[in-house]
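give me the fold of what follows.
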Amino acid sequence: MTTPTSSRRTFLRRVGAIGSVGAVTVGCLGRAPPVVVARTGDSRSLAAESTRLGERAFADYVSRMIRRYGDGGVWGSGDAPSDVDFEGAWRLSLRASLDDTEYAVADAVVARYGLRRFDTDGRRHVAYWLWCAAQPLTDSVWLDALGRSVGVALTSLDVGVDLRPTDELLDSAPTTRLTGPQAVSVATADGSDHDATFGVDFPLRDGRLRPRVSDGASDERDGYRIGWQGRFGGIQSVNGLCVVGESTFSTDYSADWRASLSAAGWA
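Prediction:
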């Protein structure tokens, strides 16, 4: 533990000057605001030439995430879908840090599946399975400027995909804003006998779940994002599903996906 070296005013002025991946101060809105917020994010292309996981490597990844996050893993408390064609998966890891201190870690993945069907417009249907899970890396951090420790908690995480301009978002789940604690169902019908091709529950332990859909009417590209916001000191995950109609079959997926994470410290 070090001795304080600067005043709170100096600390807050320095915090306010740090960029988007650093810390920010938050105004007093109702409950006590956090003293610092650490944010990070990343985005990737799903183009055919990008590095992706094959089916066996993805299965290994899923197993590792179960060991790390339990029922907050890639498939929540359910199983991978059957009667679909795995076409690839992409992963990334995020660490929210500030001043060489890591506040939280997140893992995210998007997996693409062929659904073995076409619609009357001749579009091939595919599904993107979205997952992100996070947890704080420490219970508290020491801030020299305050001369005390602050408690650390997750404040947000999300994952989403932006489709090719020629593709259309046909279905997504979940679509309703929810507040925890509760189990959240992520399922869609297969279009023939209405049995769920995808059907998984994941635990919303605290906070609020917010799905967002871009329908192409006000945006150039259809897309879907699933995000969480709250104040939680344990593991939280989100799962989302979008079903897409591809106007032409191509190995050049050209979709983009992104994930973000934030954690904060409270005095």
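
part of a helix, is Ser63?
Yes. Judged by DSSP: H, G, I helix; E, B strand; the rest coil, Ser63 forms part of a helix.

quick one, what contacts the closest residue to Gly54 other than its chain neighbours?
Spatial nearest neighbour of Gly54, excluding adjacent residues (C-beta to C-beta, 6 or more residues apart in numbering): Gly88 at 7.4 Å. For the C-beta atoms, the positions are set from N, CA and C on the backbone; glycine is no exception. By C-beta atoms under 8 Å, 6 or more residues apart in numbering, the contact set of Gly88 is 46, 52-54, 111-112.

quick check: bridge partners of Gly88?
Note on Gly88: beta-bridge partners Arg112, judged by DSSP bridges.

ok, the helix or strand encompassing Arg225: who's next to it in the sheet?
Element membership for Arg225 (DSSP states H and E) is strand 222-232. Here strand 222-232 is paired, per DSSP bridges, with strand 148-162 (antiparallel), strand 208-215 (antiparallel).

wait, which of the ones you listed is closest to Gly76?
Closest of the strands paired with strand 222-232 to Gly76 is strand 208-215, at 12.8 Å (criterion: C-beta to C-beta).

could I have the CA atoms of that closest one written out in PDB?
Extracted in PDB, the C-alpha atoms of strand 208-215 (Å, rounded to 0.1, in the frame of the first residue of the first chain):
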ATOM      1  CA  ARG A 208     -30.500  -4.900 -16.900                       C
ATOM      2  CA  LEU A 209     -30.400  -6.700 -20.300                       C
ATOM      3  CA  ARG A 210     -30.900  -4.600 -23.400                       C
ATOM      4  CA  PRO A 211     -31.200  -6.000 -26.900                       C
ATOM      5  CA  ARG A 212     -30.900  -3.500 -29.800                       C
ATOM      6  CA  VAL A 213     -31.900  -4.200 -33.400                       C
ATOM      7  CA  SER A 214     -30.800  -2.200 -36.500                       C
ATOM      8  CA  ASP A 215     -33.300  -2.800 -39.300                       C
END
